[in-house]
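Novice: Here you go, sequence then predicted model.
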Amino acid sequence: TRVPVSSMSDRYGPASSSSHGGGSGGGGRDGRGQGQPYAPPPNSVQKGTVTRLEPYGCFVQLTSFRARGLVHKSQLASYRVENVEDAVAVDDSVYVKVTEVTKQPHEDGSGRVRHKVNLSMKYADQDDGTDLDPAGEKAA
């Protein structure tokens, strides 16, 4: 379920907000996503690309949004994942369920808003993007 852009701004901040300190708020240092809404609605399933691996999980760039989100390693699969590299690789195309979107004041005191997007792969079917937790009960 997609929310109109005007509703997105009301709920998740203006599209000019930045995340992870990415430049002046215009879509990140690389110009990614100019004109796209920033954050997806919670409990939606989105397609994305794995951009970075860390020992604690992976970061996914969401295809239709400027936001990147974190998939904690406990959310990579329905089974226990010891090493993130065993579940995903950089540039993998994945489906993710948006479990939480929060807004916090940016650390630099500029008045900008920093979005934190938490994602789960275990609640999105990796073959076709079907929501495996449509009521949002497990991902809460």
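Specialist: Sure thing, it's come through.
Novice: switch to C-alpha atoms for all contacts and neighbour counts from now on
Specialist: Fine.
Novice: For this protein, name the helix or strand with the lowest mean pLDDT.
Specialist: Least confident helix or strand of the chain, by mean pLDDT, DSSP states H and E, is helix 5-12 with a mean of 39.
Novice: Buried residues of the helix or strand following that one, list them for me.
Specialist: Elements were assigned by DSSP states H and E; along the chain past helix 5-12, the next helix or strand is strand 45-54. Neighbour-count burial for strand 45-54 flags 45-51, 53 (criterion: 16 or more other CA atoms under 10 Å).
Novice: what is the mean pLDDT for the longest strand along the chain?
Specialist: Criterion DSSP state E: the longest strand present in the chain is strand 93-105. Here strand 93-105 scores 95 as its mean pLDDT.
Novice: Next SSE downstream of that strand?
Specialist: From strand 93-105, the next helix or strand downstream (DSSP H and E) is strand 113-120.
Novice: Now that following strand - C-alpha only, PDB.
Specialist: Provided in PDB are the C-alpha atoms of strand 113-120 (Å, rounded to 0.1, in the frame of the first residue of the first chain):
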ATOM      1  CA  VAL A 113      15.600  15.700  10.500                       C
ATOM      2  CA  ARG A 114      17.400  12.400  10.500                       C
ATOM      3  CA  HIS A 115      15.200   9.400   9.600                       C
ATOM      4  CA  LYS A 116      15.900   5.900  10.800                       C
ATOM      5  CA  VAL A 117      14.300   3.200   8.700                       C
ATOM      6  CA  ASN A 118      14.300  -0.400  10.100                       C
ATOM      7  CA  LEU A 119      13.700  -3.200   7.700                       C
ATOM      8  CA  SER A 120      13.100  -6.900   7.700                       C
END
